[in-house]
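In: Provided below are the primary sequence and the corresponding predicted coordinates.
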Amino acid sequence: MQPFEVHILGCGSALPTARHLPSAQVVNLRGKLLLIDCGEGVQLAWRHTGLSWQNITHVLLSHAHGDHVFGLPGLLSTMGLLGRTAPLFIHGPSNLQTFVEFLRGHFLPDIGYEIHYQALDPKEHTMFFEDRSMEIWTLPLQHRVPCCGYLIKEKPGLPHIRREMIDFYQVPTWAINRIKAGDDWQTPDGQLVPHSLLTTPPDPVRSYAYCSDTMPVGELAEWCKDVTLMYHEATYASSEGELAQKYGHSTAAQAALTAKNARARRLLIGHYSARYSDESVLLQEAQNIFPATLLAQERQRITL
């Protein structure tokens, strides 16, 4: 099975602490690297992943708050210093486009590679990118500023060849790709061997939902139905519910309820308030509603 991994670079909220960095994640889908949000400290955290940041193809920004974008200037500069030539595609709400253009114009005039910004409408749930292996959709969120999450869906792969059957029927190599695509095989003596006898089903399709800073959004459960892994911010415990509402965030219980309603396979919570020196209170609160809940931690790698 091709890799589909989530690496946590930072999972704290607005204030960096001795335990957590601001929000940043990298998704490795079949060798393609997507950076989701880019808080301070992202370069140092990245070095623990074993991945090359020169292989980042897309940067997905959720909203215009510093703890989600202040690591971007340094990262873009470092890529240039290391000789990047491949274009970089940055996606996010339209009000971040001027920020990226300011960086490019004032600090990165001779950067050596192209930066393309795609402005997204954070109020729409729509697919804005696809290639042969994935689709990326926006997830409208409810925060103090325009904010969107992201749903990354793997595209179905081809069936697997049953080697013993290929050998038994002496199928030539040139016919294997056709069989994977759905063709049957006819032997030299005229026997028709069905495609289903020569293959096994493809690997299950996997998906990842990144729900950044947001109050509960009822439609999220439907948009993320049956998602393999959901990341949902859980800035506060329910005892601080008034603060969550005031600042446009969710409690751990609210995150868990969203995952439960979406029939998610697993939930990953993060974006912890600096008030918590131990996030076990958030984990317990979420697991009481959705047992398959994990705490995000820096240097964590989760395989889907």
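Out: Looks like it arrived, so ask away. Numbers count the residues shown, from 1 in each chain.
In: bridging residues for Thr251?
Out: Note on Thr251: beta-bridge partners by DSSP bridges are Tyr236.
In: so where is this structure shaky, pLDDT-wise?
Out: Within the chain, the stretches with pLDDT under 70 are 169, 175, 179.
In: so it: which segments form each domain?
Out: The chain breaks down into these domains under automatic domain parsing: 4-157+203-303, 160-200.
In: tell me which of these sits most buried.
Out: Ranked by mean neighbour count, the domains of the chain are led by domain 4-157+203-303 with a mean of 19 (mean count of other Cβ atoms under 10 Å). Bear in mind the C-beta positions are built from the backbone N, C-alpha and C, glycine included.
In: what's the first-to-last distance across it?
Out: 6 Å (Cα to Cα, to the nearest Å).
In: check stretch 45-54 too.
Out: Span of stretch 45-54 from end to end, Cα to Cα: 15 Å.
In: how far does it sit from its chain's centre?
Out: 16 Å (Cα atoms, centre = their mean, to the nearest Å).
In: which residues does it contact?
Out: Outside stretch 45-54, the residues within contact range by Cβ atoms under 8 Å, 6 or more residues apart in numbering are 7, 9-10, 21, 24, 26, 28, 33, 35, 43, 75, 78-79, 82, 84, 86, 298-299, 301.
In: which of those fall within helices?
Out: Of the contacts of stretch 45-54, the ones assigned to helices by DSSP state H are 43, 75, 78-79.
In: just the helices in the stretch 101-250 of the chain please.
Out: Taking DSSP state H, counting those that start in this stretch as the criterion, the stretch 101-250 of the chain carries its helices at 163-168, 176-180, 195-198, 220-223, 241-247.
In: want to throw those helices into TSV with distance to Thr187?
Out: Output for the helices of the stretch 101-250 of the chain, formatted as TSV (distance: least, Cβ to Cβ, whole Å):
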stretch	distance to Thr187
helix 163-168	10
helix 176-180	13
helix 195-198	12
helix 220-223	48
helix 241-247	66
